[in-house]
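Student: Predicted model, plus sequence, below.
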Amino acid sequence: MKLKTLALGAFFTVALAAFSQAKKPTLMVMPSDNWCQAKGYMKTFDNQGTTENIPDYDKALLEDSNLDNVISKINILMADRGFPLKSLSQTSKSIRNLSAEDQLIQSKTTGASLKESPLDRLRRTAKADIILYVNWQVSTVGPKNTVTYNLVGMDAYTNKQVAGAQGTGAPSFSAEVPVLLEEAVQNNMDNFCAQLQAHFDDLLENGREIAIDVKVFDDGSGVDLESEDNEGTELSELIENWMAENTVNHRYNLSDATENYMTFEQVRIPVYKKNGMPEDAMGFGRELRKYVQSLPFNIPCKLLNRGLGRCLLIIGEK
């Protein structure tokens, strides 16, 4: 009986150690778009001729002291539960240092410059698995304050919501927003973290979801996705076969295709490369580009970044 008890205790000790060492998603805490809009922290961005309003995180961090404190408080709450975090302020500084270099990068063939939204650049630089968007509002009744909050976890690669928590804290004499927020979220934090972990466990088992577009340059070469190799196999079929062999559990969806383009969605790729670094759409796209350029068609390919979870492969030119 004593031996059985010792064995059972050893089993639970090993199980607990394995659970504590399980891989967890990397997070980044950011203010929600609604919060930025209400506070006036927005700026315009020219997205290939279309003007878009996007959050101005640098201005918000500089002018609103509560924001940095709230992010720090949530970072502490998540770190206490074993989740690694990336700093919004430090990542923003890195982007500012690199922005001047990015403006000098041009295509060898057409002289085109980089096209990437500031939010995509932020996510690519941070390489966070999940973005936590936080929004809060403080109400005062007599000498007491309450905070109503909304915390949303979004997959950084697909922009799909994977976790959520919201509520209103108990009235408190404290006037410090981070303290009010901590008191309000405590009851929901464990369930929120469980949702985050469940999503990440699914990524580890079934792969991260990205999208890849394949197009053809109109360069007069006559090569398109219906061009055949020496064995009569079309280029589009060769690409799809490669996709089936290199995705996790052969999971992808060819949502649309013609002789000039292919759109792959729900493409499941490994979360990590063989060297342990995080995998993303560009990294996976580079392997596809190498494969296409190795085919007997002997044509160059150009790979363009369309955000952390999407890329564009253009066949025909660099």
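Tutor: Okay, I see it.
Student: could you pull out the helices for the chain?
Tutor: For the chain, the helices defined by DSSP state H occupy 2-20, 33-39, 57-63, 65-80, 88-102, 118-126, 177-206, 235-246, 281-294.
Student: per-stretch mean pLDDT over those helices, give me the minimum one.
Tutor: When the helices of the chain are compared by mean pLDDT, helix 2-20 comes last with a mean of 41.
Student: Which one, of the helices of the chain, ends up nearest to residue 138?
Tutor: Of all those, helix 177-206 sits nearest to residue 138, with 6.1 Å by CB to CB. No exception for glycine: its C-beta is placed from N, CA and C like everyone else's.
Student: next one: the closest one to chain centre, how far?
Tutor: Relative to its parent chain, helix 177-206 has a centroid offset of 17 Å by CA atoms, centre = their mean, to the nearest Å.
Student: And for stretch 198-207?
Tutor: 14 Å.
Student: same question, stretch 35-47
Tutor: Distance, stretch centre to chain centre, for stretch 35-47: 20 Å (CA atoms, centre = their mean).
Student: Who are the contact partners of the most centrally placed residue in the chain?
Tutor: In the chain, the centroid-proximal residue (CA atoms, centre = their mean) is residue 156; its distance is 2.0 Å. For residue 156, the contact set (CB atoms under 8 Å, 6 or more residues apart in numbering) comprises 28, 123, 126, 128, 129, 130, 131, 308, 309.
Student: Repeat the analysis, applying 10 Å as the threshold.
Tutor: Residues near residue 156 by CB atoms under 10 Å, 6 or more residues apart in numbering: 25-28, 120, 122-124, 126-131, 208, 280, 307-309.
Student: circling back to that earlier point, among the helices of the chain, which is the most enclosed?
Tutor: With neighbours taken as mean count of other CB atoms under 10 Å, those reach their highest mean count in helix 118-126, at a mean of 20.
Student: Thought residue 63 was touching residue 36, still the case?
Tutor: No - in this structure, residue 36 is not within contact of residue 63 by CB atoms under 10 Å, at 11.5 Å.
Student: Name the residues contacting each of those two.
Tutor: residue 56.
Student: Out of the contacts of residue 156, name the ones that lie in strands.
Tutor: Under the assignment DSSP state E, these contribute 27, 28, 130, 131, 208 to strands.
Student: Between those residues, which sits nearest residue 163?
Tutor: residue 130 (7.7 Å).
Student: Provide a list of residues in contact with the closest one.
Tutor: Residue 130 touches 24-28, 83, 153-157, 162-163, 196, 199-200, 203, counting by CB under 10 Å, 6+ apart.
Student: So in terms of bridging, what pairs with it?
Tutor: Each beta-bridge partner of residue 130 is listed here, defined by DSSP bridges: residue 27, residue 155.
Student: Repeat that for residue 315.
Tutor: Here residue 315 sits in beta bridges with residue 216, residue 301, going by DSSP bridges.
Student: so how many other residues sit close to it?
Tutor: The number of residues packed near residue 315 is 27, by other CB atoms under 10 Å.
Student: For it, list the residues it contacts.
Tutor: Contacts of residue 315 by CB under 10 Å, 6+ apart are 214-217, 219, 221, 223-225, 227, 235, 239, 260-261, 289, 292-293, 295, 297, 299-302.
Student: how far away is residue 252 from residue 133?
Tutor: 28 Å (CB to CB, to the nearest Å).
Student: And these two? Which one has more around it.
Tutor: Neighbours were counted for residue 252 and for residue 133 using other CB under 10 Å; residue 252 has more, 23 against 20.
Student: Just to check, the more buried one is in contact with residue 240?
Tutor: Yes - using CB under 10 Å, residue 252 is in contact with residue 240, at 8.5 Å.
Student: Need the overlap of contacts for the two.
Tutor: With CB under 10 Å, 6+ apart, residue 252 and residue 240 have common neighbours residue 264.
Student: With just CA atoms, put stretch 195-202 into CSV.
Tutor: Extracted C-alpha coordinates of stretch 195-202, given in CSV (Å, rounded to 0.1, in the frame of the first residue of the first chain):
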residue,chain,number,x,y,z
GLN,A,195,-8.8,29.7,-23.5
LEU,A,196,-5.5,31.1,-24.7
GLN,A,197,-3.7,27.8,-23.8
ALA,A,198,-6.4,25.7,-25.5
HIS,A,199,-5.9,27.7,-28.8
PHE,A,200,-2.1,27.4,-28.6
ASP,A,201,-2.3,23.6,-27.9
ASP,A,202,-4.4,23.3,-31.1
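Student: wait, residue 258 sits on residue 236?
Tutor: Yes - between residue 258 and residue 236 there is a contact under CB under 10 Å: 9.0 Å.
Student: Overlap of the contact sets of those two?
Tutor: Counting by CB under 10 Å, 6+ apart, the shared contacts of residue 258 and residue 236 are 224, 225, 226.
Student: among these, which ones are buried?
Tutor: When neighbours are counted using 16 or more other CB atoms under 10 Å, the shared contacts of residue 258 and residue 236 contain these buried positions: 224, 225.
Student: got JSON lines for the shared contacts of residue 258 and residue 236, with pLDDT too?
Tutor: Shown next, in JSON lines, are the shared contacts of residue 258 and residue 236 (pLDDT from 0 to 100):
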{"residue": "224", "pLDDT": "90"}
{"residue": "225", "pLDDT": "93"}
{"residue": "226", "pLDDT": "92"}
